[in-house]
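In: Got a sequence here, can you model it:
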Amino acid sequence: MSTLSPEEIAEIRDHFEFFDRDESGQIDQDEFIQLLKILAPNADRQNAIRGFETIDDDNNEKIDFEEFLSWWQTNWTVF
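Out: Residues are numbered from 1 along each chain as shown. Next up is the predicted model:
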């Protein structure tokens, strides 16, 4: 995985903040499901939940920016 520039990280943070609808600084499961409806319209709810659980490394039922950044960099760098 390549190192991201500060500009790339800022762009990813913008995506994170867009999907963090309640501005909590974390993405909850419902927000993640909404995110996947946009990025992967064919993904069903169960796949979204499994994906959420995989990304939530610390199992606190929230995705923080570091978890999101790692996932985004691995899966969505084409955007």
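
In: which stretch of helix or strand covers the residue positioned nearest the centre of the chain?
Out: In the chain, the residue lying closest to the centroid (Cα atoms, centre = their mean) is Phe68, at 4.2 Å. Assigned by DSSP states H and E, Phe68 falls within helix 65-75.

In: repeat for Ile38
Out: Short version, using DSSP H and E: Ile38 is in helix 29-39.

In: other SSEs contacting that helix?
Out: If contacts are counted by 3 or more Cβ pairs under 8 Å, 6 or more residues apart in numbering; DSSP states H and E, helix 29-39 sits against helix 6-19, helix 45-55. Every C-beta, even on glycine, is put in place using the N, C-alpha and C of the backbone.

In: Out of these, which is closest to Phe32?
Out: Of all these, it is helix 45-55 that lies closest to Phe32, at 4.6 Å by Cβ to Cβ.

In: gap between that closest one and the chain center?
Out: 11 Å (Cα atoms, centre = their mean, to the nearest Å).

In: And the contacts of that helix?
Out: Gln29, Phe32, Ile33, Leu36, Ala43, Asn59, Ile63, Glu67, Phe68, Ser70, Trp71 (Cβ atoms under 8 Å, 6 or more residues apart in numbering).

In: For the helices and strands packed on helix 29-39, give me JSON lines that also has mean neighbour count and distance to Asn75.
Out: JSON lines is the format used below for the helices and strands packed on helix 29-39 (neighbours: other Cβ atoms under 10 Å; distance: least, Cβ to Cβ, whole Å):
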{"stretch": "helix 6-19", "mean neighbour count": "14", "distance to Asn75": "11"}
{"stretch": "helix 45-55", "mean neighbour count": "14", "distance to Asn75": "9"}
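
In: Could you dump those into TSV and include mean pLDDT?
Out: Below are the helices and strands packed on helix 29-39 laid out as TSV (pLDDT from 0 to 100):
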stretch	mean pLDDT
helix 6-19	95
helix 45-55	94
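
In: Which one, of these, ends up nearest to Gly25?
Out: The closest of these to Gly25 is helix 6-19. By Cβ to Cβ, the value is 8.9 Å.
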